[in-house]
Structures are given as structure tokens and as C-alpha cells.
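[1] Based on what follows, work out the 3D shape:
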Amino acid sequence: FLQLLSSSVELMTHQSSPFANLKSLTIQPDIQFSDLGENEGVEMSAEVRSYLLDGSPDATLTMVTREDVRAIKNAKLAQNLITNLRALLEEEKASIETEMAKMHEQGKAHVDPDMGWNELNMQIQEGEEKASGIISKLQQIKDLLTELPESNRATIQPSFTTLCAEADIVTSKITAFIKM
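    Numbering: from 1, shown residues only. Sure, this is the predicted structure:
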């Protein structure tokens, strides 16, 4: 939008602003539009600024950068990943508690002497994959958090720290259950 207006400065200088009595104007990039490089931005010329705001001298102008949009998007993604991982951890806790209750009820160890080595190996691999998947998801969230500006990171970090503690408990239970 700004590129288009900036290339048409001659046309704008002879017209009054179509925006009268604006209180605020926010301009943000379309991050899907990839004609600009990652670090390139569009500067607003004085002529374009005048064209947009002359009819509204008290209006506030906010320019949102690509980095701002990316930070918001990554913060939302991190929050969604935290929510999804928390749900997965709850499912795993419930599953382990159910299996432990069955074992306690039956009064026997997790490993059935009649179970073949292949079945036992599959159970071990499944437990390792679950624990590895949880750790991988934590790493993905951690990587996103390191890319966020400090203000965004500060709001999400407490939730992530709690999630790490929950994940530690669940992965410990998974590995302990494998050893039974």
C-alpha cells in the first residue's frame, strides 16, 4: 500500500486527503506479500504522510513492522504449542495412571512372562518415542521463545517453565513405567 502511494506522490500532491477526522491510523505489512526482502521495509515519505493525515491533524499514526507481526505470530504459535503439549501431558498422565491401576489391581508387574521379546521391545520403543516427542515439542517452544522480543517472552516464560516441570514429571513416569 505504501509502495503504491509512494510511487504516486505527484498525483496526491494535488488532492486533499480522503480521510477526515481520523482518530488513529495503523499501517501494517502483509507478511504473505513477499516482494520485499526479510529486512526491507517501506518508509513513509512526508508527502504520503501529509496526504493520509492532513484531514485529521490530531490522528495518531502507528507503523507496525514486519518484525512486530512476526513476533505476534510466533507468540501465538508458542501459546498454541504450549496448550497442545499441556493437553498431551494430561493424556499421558491419565494413561499411565490407568495402566498403573490395572497393574495394581492384577497384582503383577508390567512385564508379562508370557510376553514375547518383540512385544516387550515394542512397548519400550513406544515409551521412548513418547518421551522423545515431548522433549522435541519443548525444544520447539524454547526455540520460538528465543526468537521473541523480551516483552513477549516475559509473558509466556512462566507458562513454559511450568510446562517444563510437568513434562519432566510425565517423561519420568513414562521411563519408570517402561522399566517396570
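
[2] Give me the below-cutoff pLDDT ranges for this structure.
    1-14, 30-44, 107-115, 179-180 (pLDDT under 70).

[3] Which stretches in this structure count as helices?
    Counting by DSSP state H, the chain has helices at residues 2-7, 9-12, 46-53, 66-106, 117-147, 150-179.

[4] Put the alpha carbons of the third one into CSV.
    Spelled out, that is helix 46-53. Provided in CSV are the C-alpha atoms of helix 46-53 (Å, rounded to 0.1, in the frame of the first residue of the first chain):
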residue,chain,number,x,y,z
ALA,A,46,6.4,13.3,4.1
GLU,A,47,4.1,13.7,1.1
VAL,A,48,2.3,10.4,1.8
ARG,A,49,2.0,11.1,5.5
SER,A,50,0.6,14.5,4.7
TYR,A,51,-1.9,13.0,2.2
LEU,A,52,-3.1,10.4,4.7
LEU,A,53,-3.3,12.7,7.8
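
[5] Okay, buried residues for that helix please.
    By 16 or more other Cβ atoms under 10 Å, the buried positions in helix 46-53 come out as 48, 51-53. (C-beta placed from N, C-alpha, C; glycine too.)

[6] Could you tell me how far residue 130 is located from residue 87?
    Distance, residue 130 to residue 87, using Cβ to Cβ, to the nearest Å: 14 Å.

[7] picking that back up, list just the nearest of the buried residues of helix 46-53 to residue 99.
    Distances from residue 99 to those, taken as Cβ to Cβ, are shortest for residue 52 (63.9 Å).

[8] The closest one is in contact with residue 19, isn't it?
    Yes - with contact defined as Cβ atoms under 8 Å, residue 52 counts as touching residue 19 (6.2 Å).

[9] Are there residues contacting both of those two? Which ones?
    Residues touching both residue 52 and residue 19 (Cβ atoms under 8 Å, 6 or more residues apart in numbering): residue 25.

[10] before we move on, back to that, residue 60: which of the helices of the chain is closest?
    The closest of the helices of the chain to residue 60 is helix 46-53. By Cβ to Cβ, the value is 9.4 Å.

[11] Remind me what that closest one packs against, helices and strands.
    With contacts taken as 3 or more Cβ pairs under 8 Å, 6 or more residues apart in numbering; DSSP states H and E, helix 46-53 sits against helix 2-7, helix 9-12, strand 60-63.

[12] For the last one, name the packing helices and strands.
    Counting by 3+ Cβ pairs under 8 Å, 6+ apart, the packing neighbours recorded for strand 60-63 are strand 24-27, helix 46-53.
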